[in-house]
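K.L.:
sequence first, predicted coordinates after that:
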Amino acid sequence: MRIGPRHPLLGALSFRIALPIFEGFYRRRAIHRADSAFARARIGEIADKIASGGTAYLAGISAAGTHNSGVALIEVTREHGPRLLFNNEEERFSGVKHSNAFPKLSIIAMQEALARMGLSVECIDAWFSAWDYPAFNATLIRTVCEEVPQSLGMLRPGGTPLFRLRDLDRGVRAARHLGRMFESELGSDTPVPLIATPHHENHAWFSFATSPFANREGPTLVAVLDGVGDMAAISIYRCEDGQMWRLYTNDSVFDSLGIYYAVISSTQGGWTWLSSEGRYMGAAAFGDMDRSSNPYYPALKSIFSLQSDGRVYLNRDLANWPRDIQNKPYTQALIDILGEPIAQKDLWNPDAVLRLEDIKHKEATQARLDKAAAAQLVFEDVLIHVIDHWIRKTGSDRLVLTGGTGLNAVGNMRLLEHFGREFYRHDLLRDTQLHLWVPPTPNDAGVTIGAAYMGAYLAGFGVGAPSEHAFYCGLPPAAGEITAALDASPDVERVALVDLNDATRPLFADFMAYMTAQDAIIALYQGAAETGPRALGHRSILANPCNAQTRDNLNARVKFREAIRPLAPMMTLEAALHFFELSDGASDDEYNAYNYMVLTAHAKPEALTHIPAVVHADGTGRLQIVREAADPLTYAYLKALGLRIGVEVTVNTSFNVGGPIAQTPTQALETLRRAKGLDAVLMFSEEGPVFAALHGGTEGDGGTRFRQWLDAWERETGARLRR
């Protein structure tokens, strides 16, 4: 087994030489590292402003990285610390999932939001980049030098999904792009200076600062396990009393749990990167998840070397991706274990399907499912190994997990199971257990927030209120925007409904519950969109969890996705406690860790009987608990479901088909067109008017069914929803 790079000294030397060169190069283009003189001076001015009672506005931007560009804005005050105003993901506005293009549309949406607040970009005190571009560029040089000459292909355009030269070039021009966009407001097109924050540090600080642990005494362990950061794939931090200390970073791109899972899930599942990981995790539940009997696990687990000090090294005798990740990711030894990888040209992107005819699901044979299970088991081995070392070293019983691997909800559950009371009593002689929190945006959709929060941290005001929801992307749809989109869509029927207010909310909630009880499939489109990869009630498709056929119907007729994909249960806290075995390690702030679909839980026997559509093949569910204060309409709907179908639970899946979650009214109607089995989209405007958008067509289509349900509900209740 060969671990570590072939030429480590050459790699280290090249990084040391390249970093100051890139620092100067970017400084001349108004991009300054966080420890630079410019950054210290600007942050000092911000600290003085906040300390004197002023409000600072800090923007975070991801203008060029591996994926998920966007812009975030926070306000920071002396009394309350940082507060997130919005986090605009470029993919939502462009319609290109995981877009890493310069976030022009996101910035325009931010300008519109500022205008509604009576502000402009002139109010922004500083801009913080989510990537340390000088370090990122130097890391590319180091990574190539570590495996020369085989790794030289990474320097070609399209040579690797990790480092794209055109993306790095876009980062060089980010400050100039901003200046040109703001010329009319700032009075010139001079570059807007950027302060480049370390990628893993902004992941870590934001995730800690919005966790239930941020204002508590004692240390919290923060683990960033990423695909790739500026300089590393794994970084460990300790946070306490408003401060953060880095304990460890592995200074490696390829000793990466995230890249391992991306490569295996893609080349075995047949999907492109970023579309493959979640699907493969879902497929694993259908495979053999027993380490003693899975036929692929014993050999595959040697793909990592787990060291006694918690370090993790990729076995480069099996994994060829440090040398040729695009064209030849497997060595012959790995081919002997898993078979030939699916070639790059044969991968397809299920998140960019323009026509339903282009969907091409591969057969889910038992061998393929067992390989997925083996890959997941190895992932869990490595995750537990890393966390085990740092829990023992620090003694902490609180963990914030972030980075892209934080989206592996099953792995997160395994951490809570492994580090329970028995572990702490036996190994650490303490009567406690691990308490875990994962933010709603552990992936790069959250690093724009993280960059802004790092600015607040560096100014000395880094901790605010814990996270309660994720409704921060863009603005709520206006009535005029909805009607304009409907007017431009003659193929879509509409029914104008009464305004939503405190008096009518129970009526809407009960009508939605009535339709669900009739096995209708409806989309809920309300308020600002969720930031992050999960729809949580503002851009959601809802359905009956009691019908065992719901999952097949949704996957086949609405989402047009693989049959192995699970559906998530959205529920009240009371229902979650009744139907699932919630871990005490996720109980902080009334089980806040279950709010965002980042954590699975084992279903109780009554769940299999009463809500079979949301129990996955492995007997778990990826939970979302809804709070009344965070989302009054969705909460009221869940309570109404309790009266209509006997459970305060609904199926929840993202309101999208082959693309990003629908952001605008026009995108919502396009999603309706694609989702052939979707019965209605309920569109709630910011001002109050509500519209039901329906499939147009002949008798028996969506419009007719919806009107029949509405007629029946109005007769039953004596209430009226039609305007």
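P.N.:
All right, it came through fine. Numbering: from 1, shown residues only.
K.L.:
which stretches of this protein aren't confidently modelled?
P.N.:
In the predicted model, the chain carries pLDDT under 70 at residues 65, 353-361, 697-702.
K.L.:
please repeat the previous calculation with a cut-off of 80.
P.N.:
Across the chain, the ranges flagged by pLDDT under 80 are 64-66, 157-159, 161-169, 351-364, 697-702.
K.L.:
could you chop it up by domain?
P.N.:
Following automatic domain parsing, the chain resolves into domains at 8-210+444-467, 257-407, 473-572+626-717.
K.L.:
of the ones you listed, which is nearest Ala601?
P.N.:
domain 473-572+626-717 (9.4 Å; CB to CB). Backbone N, C-alpha and C define where each C-beta goes, glycine included.
K.L.:
now do the end-to-end distance for that closest one.
P.N.:
36 Å (CA to CA, to the nearest Å).
K.L.:
stretch 165-185 now?
P.N.:
Distance between the two ends of stretch 165-185: 32 Å, counting by CA to CA.
K.L.:
can you check stretch 79-99 too?
P.N.:
Terminal residues of stretch 79-99 are spaced 36 Å apart (CA to CA).
K.L.:
how about stretch 612-631?
P.N.:
End-to-end distance of stretch 612-631 (CA to CA): 25 Å.
K.L.:
off-centre distance for it?
P.N.:
17 Å (CA atoms, centre = their mean, to the nearest Å).
K.L.:
can you list the buried residues in that stretch?
P.N.:
Using 16 or more other CB atoms under 10 Å as the test for burial, stretch 612-631 gives 612-616, 618, 620-627, 630-631.
K.L.:
now the helices: where do they sit in the stretch 451-600 of the chain?
P.N.:
For the stretch 451-600 of the chain, the helices defined by DSSP state H, counting those that start in this stretch occupy 479-487, 505-517, 550-553, 573-579, 588-591.
K.L.:
which secondary structure elements does the last one sit against?
P.N.:
So that's helix 588-591. Secondary-structure packing of helix 588-591 (3 or more CB pairs under 8 Å, 6 or more residues apart in numbering; DSSP states H and E): helix 573-579.
K.L.:
distance from the helix it packs on to the middle of the chain?
P.N.:
Worked out by CA atoms, centre = their mean, helix 573-579 lies 25 Å from the chain centre.
K.L.:
can you give me the helices in the stretch 1-150 of the chain?
P.N.:
Secondary structure of the stretch 1-150 of the chain, counting by DSSP H, counting those that start in this stretch: helices at 8-27, 37-51, 90-94, 104-116, 133-146.
K.L.:
Ala523 is in contact with Val681, correct?
P.N.:
Yes. Between Val681 and Ala523 there is a contact under CB atoms under 8 Å: 4.3 Å.
K.L.:
which neighbours do the two have in common?
P.N.:
Shared contacts of Val681 and Ala523 (CB atoms under 8 Å, 6 or more residues apart in numbering): 655, 668, 671-672.
K.L.:
quick check: what element follows the longest helix seen in the chain along the chain?
P.N.:
Using DSSP state H, we find that the single longest helix of the chain is helix 366-394. Next along the chain after helix 366-394, taking DSSP states H and E as the criterion, comes strand 398-402.
K.L.:
so what strands line up beside that following strand?
P.N.:
With DSSP bridges as the test, strand 398-402 is paired with strand 220-225 (parallel), strand 435-437 (parallel).
K.L.:
so which of the shared contacts of Val681 and Ala523 are in strands?
P.N.:
In strands, defined here by DSSP state E, there are no members of those.
K.L.:
nearest to Pro212 among the residues you listed?
P.N.:
Pro212 has its nearest neighbour among those in Phe655, at 28.5 Å by CB to CB.
K.L.:
list the contacts for the closest residue to Pro5 other than its chain neighbours?
P.N.:
Nearest residue to Pro5, sequence neighbours excluded (CB to CB, 6 or more residues apart in numbering): Glu146, at 3.3 Å. Glu146 sits next to 5-8, 10-11, 322 when contact means CB under 8 Å, 6+ apart.
K.L.:
and which of these is nearest Cys123?
P.N.:
Cys123 lies nearest to Gly11 out of the contacts of Glu146, by CB to CB, at 43.6 Å.
K.L.:
how much space between the residue lying closest to the closest one once chain neighbours are set aside and Ile391?
P.N.:
Using CB to CB, 6+ apart and skipping the chain neighbours, the partner closest in space to Gly11 is Glu146 (3.7 Å). Per CB to CB, to the nearest Å, Glu146 is found 31 Å from Ile391.
K.L.:
ditto for Val438
P.N.:
For Val438, the distance to Ile391 equals 16 Å [CB to CB].
K.L.:
so Leu274 touches His98, yeah?
P.N.:
Yes. Counting by CB under 8 Å, Leu274 touches His98, with 4.7 Å between them.
K.L.:
for the two, list the residues in contact with both.
P.N.:
67, 351.
K.L.:
okay, now Lys559: neighbour count?
P.N.:
22 (other CB atoms under 10 Å).
K.L.:
and if you look at Val71?
P.N.:
Neighbours around Val71, by other CB under 10 Å: 29.
K.L.:
out of the contacts of Glu146, which end up buried?
P.N.:
Buried subset of the contacts of Glu146 (neighbour count, 16+ other CB under 10 Å): 5-7, 10-11, 322.
K.L.:
and which of these is nearest to Thr66?
P.N.:
Of all the buried ones among the contacts of Glu146, Pro322 has the smallest distance to Thr66: 16.4 Å, by CB to CB.
K.L.:
is it true that the closest one touches Leu314?
P.N.:
Yes. Taking contacts as CB under 8 Å, Pro322 lies within contact range of Leu314: 7.2 Å.
K.L.:
so what's in contact with the two at the same time?
P.N.:
Residues touching both Pro322 and Leu314 by CB under 8 Å, 6+ apart: Phe254.
K.L.:
can you pull out the strands in the stretch 101-250 of the chain?
P.N.:
Using DSSP state E, counting those that start in this stretch, the strands of the stretch 101-250 of the chain run over 124-129, 194-196, 220-225, 234-240, 243-249.
K.L.:
how about TSV for the ones you listed, with mean neighbour count added?
P.N.:
Below are these laid out as TSV (neighbours: other CB atoms under 10 Å):
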stretch	mean neighbour count
strand 124-129	24
strand 194-196	26
strand 220-225	27
strand 234-240	23
strand 243-249	15
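K.L.:
nearest to Gly646 among these would be which one?
P.N.:
Nearest to Gly646 among the strands of the stretch 101-250 of the chain is strand 220-225; the distance by CB to CB comes to 40.0 Å.
K.L.:
who's in contact with that closest one?
P.N.:
By CB under 8 Å, 6+ apart, the residues outside strand 220-225 that reach it are 200, 203-204, 207-208, 211, 213-214, 233-240, 244, 257-258, 383, 386-387, 390-391, 394, 396, 398-406.
K.L.:
rerun that using 7 Å as the cut-off
P.N.:
200, 203-204, 207-208, 213, 234-240, 257-258, 383, 386-387, 390-391, 394, 396, 398-403, 405 (CB atoms under 7 Å, 6 or more residues apart in numbering).
K.L.:
hmm, which of those residues are the buried ones?
P.N.:
By 16+ other CB under 10 Å, these give 200, 203-204, 207-208, 213, 234-240, 257-258, 383, 386-387, 390-391, 394, 396, 398-403, 405 as buried.
K.L.:
before we move on, back to that, from the buried residues of stretch 612-631, which land in strands?
P.N.:
620-622, 624-625.
K.L.:
turn these into a markdown table, columns for distance to Lys559.
P.N.:
Below are those laid out as a markdown table (distance: CB to CB, whole Å):
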| residue | distance to Lys559 |
| --- | --- |
| Thr620 | 20 |
| Gly621 | 18 |
| Arg622 | 15 |
| Gln624 | 17 |
| Ile625 | 23 |
